[in-house]
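Q: what follows is a predicted protein model with its sequence.
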Amino acid sequence: MTDKLLSPELVLQRMLQHDRFTAWMGLEIDTISAGYCKLHYIVKDEMLNGFNSIHGGVLFSAADSAFAFACNSHGVLTVALDVSISFTRSAKVGEQLTVEAKEEHLGNKTGVYDVRTTNQNGELVAWFKGTAYRTSKKIE
């Protein structure tokens, strides 16, 4: 075993090997780099709530996935410590949503991330803020 940490691309590859949720949601990863992830998905009928707009849980889940990919991209096993989300606009079937997770701070034990979901017009749909805890374990 080497002391070198995996690249963001290899970390993502390892994470996706067992991540059935990402496939089930239809999330497509566009970009991964250290502290950053951008993905997109299309709103499907089964993602709607009783008012015929996207369910908040779907927005949360997609943002949480982008957050996980971004904060683990350094090759250190990282878990959510605290998150919150604000819903700013609805989305309907067929809309493409883009989720962009950006690292705002990276310390020895914690990281802070800004995760924004926008629609195909660039309008903010949800704003997720996350704090991550960095364990002492390397991702292998």
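A: Cool, the structure landed. These figures come from a predicted structure and were not determined experimentally.

Q: strands along the chain, start to end?
A: 28-33, 36-42, 76-87, 96-106, 110-118, 124-138 (DSSP state E).

Q: tabulate these (a markdown table), appending mean neighbour count, mean pLDDT and distance to residue 3.
A: Placement of C-beta: from N, CA and C, glycine included. What follows is the strands of the chain, written out as a markdown table (neighbours: other CB atoms under 10 Å; pLDDT from 0 to 100; distance: least, CB to CB, whole Å):
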| stretch | mean neighbour count | mean pLDDT | distance to residue 3 |
| --- | --- | --- | --- |
| strand 28-33 | 15 | 98 | 21 |
| strand 36-42 | 20 | 98 | 24 |
| strand 76-87 | 15 | 98 | 12 |
| strand 96-106 | 18 | 98 | 19 |
| strand 110-118 | 21 | 98 | 21 |
| strand 124-138 | 17 | 98 | 8 |
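
Q: how about these in CSV, adding distance to residue 12?
A: What follows is the strands of the chain, written out as CSV (distance: least, CB to CB, whole Å):
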stretch, distance to residue 12
strand 28-33, 5
strand 36-42, 8
strand 76-87, 13
strand 96-106, 12
strand 110-118, 16
strand 124-138, 15
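
Q: so where's the longest helix in this protein?
A: Counting residues, the longest helix found in the chain (DSSP state H) is helix 56-72.

Q: mind checking which residue lies nearest the centre of this structure?
A: residue 66 (1.1 Å; CA atoms, centre = their mean).

Q: with adjacent residues omitted, what lies nearest to it?
A: Counting by CB to CB, 6 or more residues apart in numbering, residue 101 is the residue found nearest to residue 66 once chain neighbours are left out, at 4.0 Å.

Q: gap between the one you found and residue 94?
A: 24 Å (CB to CB, to the nearest Å).

Q: which residues touch the residue lying closest to residue 117 once chain neighbours are set aside?
A: Leaving aside its chain neighbours, residue 117 sits nearest to residue 126 (4.2 Å; criterion: CB to CB, 6+ apart). Going by CB atoms under 8 Å, 6 or more residues apart in numbering, residue 126 touches 56, 59, 60, 63, 85, 86, 87, 88, 116, 117.
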